[in-house]
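Asks: please find the sequence and the predicted model below.
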There are 2 protein chains.
Amino acid sequence: MTKYESIAAVIKQRIQDNVYQTGTLLPNQSDLASEFGVSRMTINKAINILTMEGFVSSQRGFGTKILNHPLWNKDVSPVNEYRGLSFQMAEQHRQIKSQIISFEVAFPEKKIQERLMLTPQQPVYQIVRLRIVDDDPFILEHTIMPVDLIPNLTDDILKESIYHYIQFDLGLQIAGAYRNIQATRADEFDIKYLQCQPTDPVLEVEQVAYLKNGRPFEYSRSRNRFDKRGYTELDMRN
Amino acid sequence: MTKYESIAAVIKQRIQDNVYQTGTLLPNQSDLASEFGVSRMTINKAINILTMEGFVSSQRGFGTKILNHPLWNKDVSPVNEYRGLSFQMAEQHRQIKSQIISFEVAFPEKKIQERLMLTPQQPVYQIVRLRIVDDDPFILEHTIMPVDLIPNLTDDILKESIYHYIQFDLGLQIAGAYRNIQATRADEFDIKYLQCQPTDPVLEVEQVAYLKNGRPFEYSRSRNRFDKRGYTELDMRN
DNA sequence: CAGTGGTCTAGACCACTTC
DNA sequence: AAGTGGTCTAGACCACTGT
């Protein structure tokens, strides 16, 4: 934990505890620097974090205003995506179960070769999981990963969190992801496992996730019941 | 234009010109600092920009690898959203027309009062526009904005870019936006103006956009023909 | 005008990777 | 051990805001 991260956490707590009130200004950066006994650049970095997370907004020559709008809660996507759906749901005290529909190894088809930068001879896992939240079918997840990058994948890991396994057990560093979100019609799989009607729309999140070394390690298509879940994000900048 | 922005632009150009090749490492930060005649922190900030934009990925103790994956092109969303759809389409050399379906002033209903933080007595614009790209109906956009914040809105502005008017003519600073993306069924409006079938799914992007002073200035629902357009984003971090 | 945040410097120390 | 990027400092100058 760096200094600017801890300071950001403290200020965030003060906002949530109403020590700093919504609509008012934060103390100026010099004062905060004195209080925390750090240089102003460190305060600046802390405030940048809070800006990206939507807690404050700075204006040169004026100050840093506290926003903390109730609309955006912890459900917003980018922040939580890499901790996986399991983590996200636990945070909201919701029970998540993962039912493994299929779990196979095969050679990748052409589109997957391109997306995951593989040769036709590099085997991949092909996983289909149904994510069930509070006993309702929620998301049907088709996941494809290169075997050489994610070795020794087991049923037990799939039932828990793949992301936890990748980051903590394998020690791989995630750089980010490319996503494409679309509305589609329900296909046979959706009808069967998500228990939806043939005429129901489905929200599909297609994702390619990358490691810091540049290698893509996951291609996934998450098919969401349209009436159960949307994709939410907070997009703030300096 | 700051130093780190110009340096980021130069390095980006070198990547696109293959002076720095995909898969190799960037020169180290000290060398780049010498070359550009700036301190290393400035180089670091430049590289942070390139990281967020998906061009490179750094690993402590190793170096900064050049990614530049062909998958993500200029169509990715967060970067372009605030320049408006007009700008985005112009960049891709596509012709966009905006047909004004309706343009009224009214008192806001309850949901809008909450979203835009208004009293029942503060009037809002209610705008419905059909965005037509290359002669095909693309998006049906329902936009609601407070009159006091965005005065003197005219048909001419609506046919061009609202975002240009807000940022350049009114001089307002945009902080960011909250979005919720869902799949829904086509309603009567969609069928009529997007020319879709009653059973077609529709991709709806619901957005509340905020100014730096904390005030929300826009609530919009963009209804996209499911077969014409998805929502794409690149989500990279340090 | 005084006060604010944004940028920038020239160094420093440290965590980490690779050999 | 050598080299890398991440953090941090103590200052400085500047652009911008309010009155």
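Replies: Arrived safely. Residues are numbered from 1 along each chain as shown, chains lettered A, B, ... in the order given.
Asks: low-confidence ranges in chain A?
Replies: A:71-92 (pLDDT under 70).
Asks: all helices of it, in order?
Replies: A:3-16, A:29-36, A:40-52, A:77-81, A:84-91, A:110-115, A:155-159, A:162-164, A:188-189 (DSSP state H).
Asks: now those in a markdown table, with distance to A:Arg179?
Replies: The way it works is simple: take the backbone N, C-alpha and C, and place the C-beta from them, glycine included. Converted to a markdown table, the helices of chain A look like this (distance: least, C-beta to C-beta, whole Å):
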| stretch | distance to A:Arg179 |
| --- | --- |
| helix A:3-16 | 26 |
| helix A:29-36 | 35 |
| helix A:40-52 | 18 |
| helix A:77-81 | 9 |
| helix A:84-91 | 14 |
| helix A:110-115 | 12 |
| helix A:155-159 | 22 |
| helix A:162-164 | 15 |
| helix A:188-189 | 21 |
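Asks: which one of these lies nearest to DNA strand C?
Replies: helix A:29-36 (3.9 Å; C-beta to the nearest atom of the strand).
Asks: so what's A:Leu203 up against?
Replies: A:181-183, A:223-226, A:229-231, B:181-183, B:203 (C-beta atoms under 8 Å, 6 or more residues apart in numbering or on different chains).
Asks: again, but for A:Leu211
Replies: Contacts of A:Leu211 (C-beta under 8 Å, 6+ apart): A:Leu149, A:Leu172, A:Gln173, A:Ile174, A:Ala175, A:Phe217.
Asks: thinking again about what came up before, can I get the helices of chain A in CSV including distance to B:Gly63 and mean neighbour count?
Replies: Output for those, formatted as CSV (distance: least, C-beta to C-beta, whole Å; neighbours: other C-beta atoms under 10 Å in any protein chain shown):
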stretch, distance to B:Gly63, mean neighbour count
helix A:3-16, 24, 16
helix A:29-36, 32, 15
helix A:40-52, 23, 19
helix A:77-81, 26, 19
helix A:84-91, 28, 16
helix A:110-115, 25, 15
helix A:155-159, 31, 13
helix A:162-164, 25, 19
helix A:188-189, 43, 12
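Asks: chain B is nearest to which of these?
Replies: Taking C-beta to the nearest C-beta, helix A:77-81 is the member of the helices of chain A nearest to chain B, at 5.1 Å.
Asks: still on that earlier bit, from the contacts of A:Leu203, which land in strands?
Replies: A:Ile181, A:Gln182, A:Ala183, A:Arg223, A:Asn224, A:Arg225, A:Tyr231, B:Ile181, B:Gln182, B:Ala183, B:Leu203 (DSSP state E).
Asks: now, of the residues you listed, which are buried?
Replies: Buried members of these, scored by 16 or more other C-beta atoms under 10 Å in any protein chain shown, are A:Ile181, A:Gln182, A:Ala183, A:Arg223, A:Asn224, A:Arg225, A:Tyr231, B:Ile181, B:Gln182, B:Ala183, B:Leu203.
Asks: surely the fourth one touches A:Ile191?
Replies: No: using C-beta atoms under 8 Å, A:Arg223 and A:Ile191 do not qualify as a contacting pair, with a distance of 10.9 Å.
Asks: contact partners for the closest residue to A:Ser30 other than its chain neighbours?
Replies: Distances taken as C-beta to C-beta, 6 or more residues apart in numbering or on different chains place A:Arg40 nearest to A:Ser30, at 6.0 Å, with adjacent residues excluded. For A:Arg40, the contact set (C-beta under 8 Å, 6+ apart) comprises A:Gln29, A:Ser30, A:Ala33.
Asks: tell me who's in contact with the last one.
Replies: Listed by C-beta under 8 Å, 6+ apart, the contact partners of A:Ala33 are A:Ser39, A:Arg40, A:Thr42, A:Ile43.
Asks: okay, domains of chain A per the record?
Replies: Domain ranges of chain A: A:3-66, A:77-225, per automatic domain parsing.
Asks: how about those domains in a markdown table, adding distance to B:Asn213?
Replies: Output for those, formatted as a markdown table (distance: least, C-beta to C-beta, whole Å):
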| stretch | distance to B:Asn213 |
| --- | --- |
| domain A:3-66 | 6 |
| domain A:77-225 | 24 |
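Asks: list the buried residues in stretch A:52-61.
Replies: A:Met52, A:Glu53, A:Gly54, A:Phe55, A:Val56, A:Ser57, A:Ser58.
Asks: same check on stretch A:191-199?
Replies: A:Tyr193, A:Leu194, A:Cys196.
Asks: which among the residues you listed gets closest to chain B?
Replies: Looking across these and measuring by C-beta to the nearest C-beta, the closest to chain B is A:Cys196, at 11.0 Å.
Asks: neighbours of the nearest residue to the closest one once chain neighbours are set aside, how many?
Replies: Nearest non-adjacent residue to A:Cys196, counting by C-beta to C-beta, 6+ apart: A:Ala186, 5.2 Å away. A:Ala186 has 21 neighbours, counted by other C-beta atoms under 10 Å in any protein chain shown.
Asks: ok, A:Ala186 touching A:Glu204?
Replies: No: look at A:Ala186 against A:Glu204 with C-beta under 8 Å: they stay out of range, at 10.4 Å.
Asks: who in chain A is up against DNA strand C?
Replies: Neighbours of DNA strand C within chain A, by C-beta under 7 Å from any atom of the strand: A:25-26, A:28-30, A:40-41, A:44, A:47, A:58-64, A:238.
Asks: what about A:Arg237, how many residues nearby?
Replies: With neighbours defined by other C-beta under 10 Å, the count for A:Arg237 comes to 15.
Asks: quick one, what contacts the closest residue to it other than its chain neighbours?
Replies: Using C-beta to C-beta, 6+ apart and skipping residues adjacent in sequence, the residue nearest A:Arg237 is B:Gly176, 5.8 Å away. Shown in contact with B:Gly176 (C-beta under 8 Å, 6+ apart): A:Gly54, A:Leu234, A:Asp235, A:Met236, A:Arg237, B:Ala209, B:Tyr210.
Asks: how about A:Cys196?
Replies: A:Ala186, A:Asp190, A:Val202, A:Arg225, A:Phe226.
Asks: would you mind listing what in chain A touches DNA strand D?
Replies: Taking C-beta under 7 Å from any atom of the strand as the contact definition, chain A meets DNA strand D at A:2-4, A:37-42, A:45, A:59-62.
Asks: mind running it again at 10 Å?
Replies: Residues of chain A lying close to DNA strand D by C-beta under 10 Å from any atom of the strand are A:1-8, A:29-30, A:33-34, A:36-46, A:59-63, A:212.
Asks: how close does A:Leu130 sit to chain B?
Replies: Distance, A:Leu130 to chain B, using C-beta to the nearest C-beta, to the nearest Å: 18 Å.
Asks: close enough to count as contact, that residue and A:Thr143?
Replies: No: in this structure A:Leu130 lies outside contact range of A:Thr143 using C-beta under 8 Å: 12.0 Å.
Asks: shared neighbours of these two, which are they?
Replies: Shared contacts of A:Leu130 and A:Thr143 (C-beta under 8 Å, 6+ apart): none.
Asks: just give the nearest non-adjacent residue to A:Arg131, would you?
Replies: Closest to A:Arg131 by C-beta to C-beta, 6+ apart is A:Ile139, at 4.4 Å.
Asks: specify the beta-bridge partners of the one you found.
Replies: Per DSSP bridges, residues listed as beta-bridge partners of A:Ile139: A:Arg131, A:Asn224.
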